[in-house]
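> Starting from these lines, generate the structure:
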Amino acid sequence: MGQTLPKPGLRPFLPDDVPLLAAIFTASIEQLTGDDYSAAQQQAWMEAAEDEELGKRLAADLTLIATLEGSPVGFASLRGNDHIRIHAMEGQLFREVLIAGAERSGVHCSVWRERDLYALAAKQLQIAEAVLRKRLTALGDNTDGGWRAEHKAAALAAWMVLSS
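Below is the predicted model:
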């Protein structure tokens, strides 16, 4: 009989998440950056998790929490300055680490290039691309700080995962 896999999910950031996200941030620095950064650089980076402003920074960004069985296991924070800041890792490193961890846990991963995302989503969701764009734009109507292309892409990717 097959093993039941943990249920992955995405949800928005909540203020009560700060202590656990700070621990994830610190652990990822400690465990994943030793080959590329000195101990002093790692320590300076980890101090950002101890800063009382961490919660305010995460709340100001579009911060998504990755969960397994409802428990937070990672997070991504999208800033309005077109740079992605992800718990202690950037771009490729984050993607590779997240995929490797998920696959070790038996969780299927999907990775899409942003330029292909709308066409793939339209096909998967069976919704016209123009309609998708309008719906995603409408999702941001009540957000503070703008609703940029990267926010829409993150929401669309989440929609695709949740619909599959």
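> which residues in this protein form helices?
Secondary structure of the chain by DSSP state H: the helices cover 18-32, 39-50, 54-60, 91-104, 114-125, 129-139, 149-163.
> Give me the contacts around the last one.
The set of residues that contact helix 149-163 without belonging to it, under C-beta atoms under 8 Å, 6 or more residues apart in numbering, is 8-10, 62, 64, 76, 78, 82, 84, 110, 112, 114, 117-118, 120-121, 124-125, 132-133, 136-137, 139-140, 143. For the C-beta atoms, the positions are set from N, CA and C on the backbone; glycine is no exception.
> Quick one, which of those are buried?
Members of the contacts of helix 149-163 that pass the buried threshold by neighbour count (16 or more other C-beta atoms under 10 Å) are listed as 8-10, 62, 64, 76, 78, 84, 117-118, 120-121, 125, 132-133, 136.
> what's the lowest-pLDDT member of the residues you listed?
In terms of pLDDT, the lowest of these is Ile84, showing 45.
> Could you break the chain into its assigned domains?
When the chain is parsed with automatic domain parsing, its domains come out as 8-104, 114-163.
> Pick out the shakiest of those, pLDDT-wise.
Of all those, domain 8-104 has the smallest average pLDDT, which comes to a mean of 77.
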